[in-house]
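In: The following comprises the amino acid sequence and a computationally predicted model.
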Amino acid sequence: MEQPIAMNTLSQILEKLRLKGKDNELKMTDHGKMQSQNGKIYKPEDLTIVKTYRFEGDSDPADNSVLYLTEDKDKEIGYILDAYGIYSDNDGPSFDDFLKKIPTENRDEQELFC
C-alpha cells in the first residue's frame with residue numbers, strides 16, 4: 001500500500017491536487033461570483049468548502065495564505081487561494097461575504113486525495 005505523503009506547504013498541496021487532476025482554481029469575478037478555470041460560474045450555494053488549510057510565513061507576513069478546497073454540485077474538486085490580512089488579493093467585502101455563505105464540511109485528506 002502506498003504511504004501517504006505529508007503535506008506541510010502550500011506548494012505540496014497544490015502539487016498533489018495537480019497530480020490528481022483536481023487543480024481547478026476558482027477566482028472572484030467582477031460580478032461577485034466565483035469562476036473556475038474551465039469557465040463555470042458559481043454562487044455560494046453551488047459550492048461546499050470541504051477542507052481549509054492556513055499557511056503562515058516564518059518571517060514574512062506576506063507569506064500568510066489560506067487554501068479552501070471546494071466541491072461543487074457535480075462533485076468536482078476545486079480550490080480558492082487567498083492571502084489573508086492586509087495582503088489579501090481581494091479588495092472589499094464581497095470576497096469575504098461570498099466565503100461566509102458557502103457551506104462547510106471538514107473531510108479527511110485521504111478521502112479528498114484518493
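Out: Cool, the structure landed.

In: now the strands for this protein?
Out: When secondary structure is read from DSSP state E, the chain shows strands at 26-28, 34-36, 41-42, 47-55, 65-72, 77-83.

In: average pLDDT for the first one?
Out: By that I understand strand 26-28. Across strand 26-28, pLDDT averages out at 93.

In: And for the third one?
Out: Averaged across strand 41-42, pLDDT comes to 96.

In: And the second one, by the same measure?
Out: When pLDDT is averaged over strand 34-36, the result is 94.

In: out of everything not next to it in sequence, what's closest to F95?
Out: The spatially closest residue to F95, leaving aside those adjacent along the chain, is M28, at 5.2 Å (C-beta to C-beta, 6 or more residues apart in numbering). (C-beta placed from N, C-alpha, C; glycine too.)

In: mind listing what that neighbour touches?
Out: Taking C-beta atoms under 8 Å, 6 or more residues apart in numbering as the contact definition, M28 lies against 34-35, 90, 94-95, 98.

In: Ok, which of the strands of the chain comes nearest K20?
Out: Nearest to K20, of all those, is strand 77-83, at 8.1 Å by C-beta to C-beta.

In: Only the buried members of the contacts of M28: can you turn that into a PyMOL selection?
Out: Restricted to the buried members of the contacts of M28, where burial is judged by 16 or more other C-beta atoms under 10 Å, the PyMOL selection command reads as follows:
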select buried, resi 34+35+90+95+98
